[in-house]
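Chemist: mind looking at a prediction? Sequence and model below.
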Amino acid sequence: MFRTLFAITFLLLPISPLSATTTLLLKDGGTLEGTLLNPDEMNRRTYRIKTPEGLEITLDAKFVERVQPRERDAVIEYHRDAPLTRHTVENHFDWAKWCNENQLPDQARVHWQQILELDPDHAEARKVLGYSRTPTGWISHEDTFVRRGLVQDRQGRWRTPQQIEVENLLGGQADEAQRWQRTIRELYRRLPNPQAEAELLAIRNPAAFVPIRNILIAEANPEKRKMLLRLLAQFSDLASLQFVAGWAIRPDEPYDDVRKLCIEELQKRIKEQPELRPSVMAVYRSSLNPRADLEVIHLAAQVVAEFGGYEAVPELIEVLIVMRTETFVPQAPTYGFGSGGTGFSQPGSPQTRQIPISNQPVLSALRRLTEVNFEFNPAAWREWYRQSQRSPSLNLRRE
């Protein structure tokens, strides 16, 4: 690796001193560093160490807790040469590649980050560090999940708050949920008894969410589904509220008036508690995903427009046109012989291809939210949105 004496402005990851090729960790909590003079001693009884100052020390093995592993040659070379490197994109790029080749991922990340400080649009550095392009510019891998309304659980997995809350509910409140399940099933069995209905609609304990959800999913009567959705919309926990939000775009809900009720109940809650809006909108923004079911995309776009969800414009742009896989059988050629000859064809084997799908409900939502129209031209929409963020006067519906 090159060694040129230049100033360096980046921070190196902490690495132990090069003069200490061996580090002894002592039982009293201390350390002793230096060159091990008897590395091949069998049935070790002593450690003979030459310190960086030239002092030779013999230490009884019973005082040593363990020997810290010696640094790899690559680490030594990195520590020796990296501080002497000029602070340029090219040099950091070389070091990042070298670190990757020598299994030094943490050090490589330092150099990729330094590249972005010098060149914020460096495509490879952005890719390595997990960034992707959006209509508003670069966004990190973590922010992509956050913008979809996801958070990390204790295992580091990205989940919706609803999923995490339900899992916590099933774990930490399992006994209470079972008690509620018995209570709710008994009340539900007694319907349409007015007292049973009144008691059911008075429930507000989040531990009752799972039993009510299970009954709701199995319920075929749309009027009873509306009653249960209206009930869940009054719960204080996000899991219940986001479940209602999700029901409004559920593909297997055949009744529009049930969807309409969900939206109306959510609008009431948001009017009472505006701080709930981001959590509700997160359900729809995460559903505006190019890989999502087309019907879900269409329903989410319609609901976002109904909520005046200008904050979801970037996601809408990304699903304006989506790609889908189509299976087809190529048309086989027909061969004829003579003026009155016979023809034949050999069936082709099934093949797949990617086809673009233009989503009219998404375009309608964009036009309604922005009061501009770039038809099915995602690039034009992205450029307009980018400019609107720089010039608020272009953002007609921002407020």
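Modeler: That came in fine, so what should we check first?
Chemist: rest of the way, CA atoms for contacts and neighbours
Modeler: Noted.
Chemist: dihedrals phi and psi, Asp237?
Modeler: Backbone torsions of Asp237, given as degrees, to the nearest 10, read phi -90, psi 150.
Chemist: give me the neighbour count for it.
Modeler: Neighbour count for Asp237, taken as other Cα atoms under 10 Å: 18.
Chemist: once you drop chain neighbours, what's closest to it?
Modeler: The spatial neighbour of Asp237 that comes closest, neighbours along the chain excluded (Cα to Cα, 6 or more residues apart in numbering), is Pro206 at 6.1 Å.
Chemist: right, and the one you found touches Gln234 too?
Modeler: No. Here Pro206 does not reach Gln234: they are 10.1 Å apart, not a contact under Cα atoms under 8 Å.
Chemist: walk me through the domains of the chain.
Modeler: 17-70, 132-159, 160-284, 288-330+351-399 (automatic domain parsing).
Chemist: reformat those domains as JSON lines; add distance to Ala82 and mean pLDDT.
Modeler: JSON lines is the format used below for the domains of the chain (distance: least, Cα to Cα, whole Å; pLDDT from 0 to 100):
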{"stretch": "domain 17-70", "distance to Ala82": "13", "mean pLDDT": "79"}
{"stretch": "domain 132-159", "distance to Ala82": "27", "mean pLDDT": "72"}
{"stretch": "domain 160-284", "distance to Ala82": "42", "mean pLDDT": "87"}
{"stretch": "domain 288-330+351-399", "distance to Ala82": "39", "mean pLDDT": "88"}
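Chemist: nearest to Val89 among the ones you listed would be which one?
Modeler: domain 132-159 (18.7 Å; Cα to Cα).
Chemist: related to what we said a few turns ago, now the domains of the chain as a markdown table including distance to Val110?
Modeler: Output for these, formatted as a markdown table (distance: least, Cα to Cα, whole Å):
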| stretch | distance to Val110 |
| --- | --- |
| domain 17-70 | 20 |
| domain 132-159 | 16 |
| domain 160-284 | 31 |
| domain 288-330+351-399 | 30 |
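Chemist: what about those domains, which gets the closest to Lys97?
Modeler: Of the domains of the chain, nearest to Lys97 by Cα to Cα is domain 132-159, at 20.6 Å.
Chemist: how about the contacts made by the closest residue in space to Glu315 that isn't next to it in sequence?
Modeler: Counting by Cα to Cα, 6+ apart, Glu315 lies nearest to Leu288, which is 5.8 Å off, once chain neighbours are set aside. Leu288 makes contact with 296-297, 300-301, 315-316, 318-319, according to Cα atoms under 8 Å, 6 or more residues apart in numbering.
Chemist: equivalent analysis for Ser240, please.
Modeler: Here Ser240 is in contact with 162, 206, 209, 232-233 (criterion: Cα under 8 Å, 6+ apart).
Chemist: any figure for the gap between it and Arg250?
Modeler: 15 Å (Cα to Cα, to the nearest Å).
Chemist: is Thr31 in contact with Ile49, as I believe?
Modeler: No. The pair Thr31 / Ile49 is not scored as a contact, 11.8 Å apart, by Cα under 8 Å.
Chemist: compare those two and say which is more crowded by neighbours.
Modeler: For Thr31 versus Ile49, the count of surrounding residues by other Cα under 10 Å is larger for Ile49: 23 against 14.
Chemist: chain neighbours aside, what residue packs nearest to the more buried one?
Modeler: Here the residue nearest Ile49, using Cα to Cα, 6+ apart, is Leu36, at 4.8 Å.
Chemist: can you tell me how far that neighbour is from Val67?
Modeler: In terms of Cα to Cα, Leu36 sits 11 Å off from Val67.
Chemist: neighbour count for these two, which is higher?
Modeler: Leu36 (19 against 13).
Chemist: which residues touch the helix or strand containing Ala198?
Modeler: Element membership for Ala198 (DSSP states H and E) is helix 194-201. Applying Cα under 8 Å, 6+ apart, the contact partners of helix 194-201 are 184, 187-188, 190-191, 231.
Chemist: and those residues, which two are furthest apart?
Modeler: Farthest pair in the contacts of helix 194-201, by Cα to Cα: Arg190 and Leu231, 17.0 Å.
Chemist: looking at those two, which one has more neighbours?
Modeler: Neighbour count, other Cα under 10 Å: between Arg190 and Leu231, Leu231 has more, with 20 against 13.
Chemist: what's near enough to touch that one?
Modeler: 201, 203.
Chemist: distance-wise, check it relative to Val303.
Modeler: 20 Å.
Chemist: cool, and Glu383?
Modeler: 25 Å.
Chemist: ok, Ala96 next?
Modeler: 46 Å.
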